[in-house]
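1. Build me a model:
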Amino acid sequence: MSIFRGLKSLLGSSRLDVQERFELLQAAVSGSMSKFYKARDRKTGQIVGLKVLDQEKTEYFESRFPGMQKPSEGEIALQFDHPNIVKTFEQGLTTKGEAYLVMEYLEGVGMNSLIIARDKRLQGRRLKLVTQAAQALGHIHEAGFIHRDICPRNFMISSDFTTLKLIDFGLTVPATPDFMQPGNRTGTPNYMAPEIVRRRKTDLRVDIFALGVTIYALCAFELPWSGGTTGKAAMNHDTQPPVDIGEAAPEIHPRLAQAIMQAIASNPAERPASMGQFLRLLSKVESETKKSE
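-> Model prediction:
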């Protein structure tokens, strides 16, 4: 269901009065397409995350898929039930006509902040976190979706560094032929697969590429190519060879280095064919790491 048809079908239905239902405990954190609040549900007393989507920006994004039966972000998020994916409890429209999601509130820190800080507490914990990230993405794919915005900003890590959760499905689309046609250049430029940048046909492997770049950054605190925040910078992803992670992070396990470099291959055919295959590569790293301990 597109957001436009969703708006029409919900006219006259009960809508959320944010102030009446929730006590907002923190000022809004603004994202590119939404505002996020830590809130207390007055009905249950539960502390939750409340995400309110910017109506104009959301409608602009949805307009890229005319007549394509695209589910809304909330409808997509409700379908996921995995320990490494933020749990969404409820979705709908506010009294102002804005789409909203109610989800579990996560304590912790964004992976992007840890990378920027070059946080030493990641030492010895990366493989477990990387495996959780891959398992989360595998669940998304098994449910029939392409996340389309895998990057460090969309992973939350618990304060004890034991648990990682994937968040934000604002750009997620069904993994069906209609949604994999050339032309939809959305995502975070530094993590975009070349086929997105070049407006070519896509598939699930765009997420595998983005996960590979994310893991590279987590391990090396650097990007495989010279960074930037524009689509122009992302053009390097198939014109400039990436720096081998063995050079950027010499201490990395050779098999993990191999898996990362395979995932960020510019040619989709050279990447792991599925998240299942990528997870099998990670399991070999874990097995060899245990043997050496």
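2. how about residue 104, what does it touch?
-> Contact analysis of residue 104 by Cβ atoms under 8 Å, 6 or more residues apart in numbering lists 48-49, 86-87, 89. Using the backbone N, CA and C atoms, a C-beta is placed for each residue, glycine as well.
3. Name only those of those that count as buried.
-> With burial judged by 16 or more other Cβ atoms under 10 Å, the buried subset of those is 48-49, 86-87.
4. ok so, going back, return the member of the contacts of residue 104 nearest to residue 277.
-> Here the nearest of the contacts of residue 104 to residue 277, counting by Cβ to Cβ, is residue 86; it sits at 25.4 Å.
5. in terms of contact, does that closest one touch residue 102 like I think?
-> No: between residue 86 and residue 102 no contact is recorded; they are 11.2 Å apart, counting by Cβ atoms under 8 Å.
6. need the buried ones among the contacts of residue 104 in JSON lines with distance to residue 224, can you?
-> Formatted as JSON lines, the buried ones among the contacts of residue 104 follow (distance: Cβ to Cβ, whole Å):
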{"residue": "48", "distance to residue 224": "37"}
{"residue": "49", "distance to residue 224": "32"}
{"residue": "86", "distance to residue 224": "27"}
{"residue": "87", "distance to residue 224": "32"}
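7. which pair in these spans the largest distance?
-> 48 and 86 (10.9 Å).
8. just to revisit the earlier point, now render the contacts of residue 104 as TSV, adding pLDDT.
-> Formatted as TSV, the contacts of residue 104 follow (pLDDT from 0 to 100):
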residue	pLDDT
48	97
49	96
86	98
87	98
89	97
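9. Just put the residues you listed in JSON lines and tack on secondary structure.
-> As requested, the contacts of residue 104 are exported to JSON lines (DSSP: H, G, I helix; E, B strand; the rest coil):
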{"residue": "48", "secondary structure": "strand"}
{"residue": "49", "secondary structure": "strand"}
{"residue": "86", "secondary structure": "coil"}
{"residue": "87", "secondary structure": "coil"}
{"residue": "89", "secondary structure": "strand"}
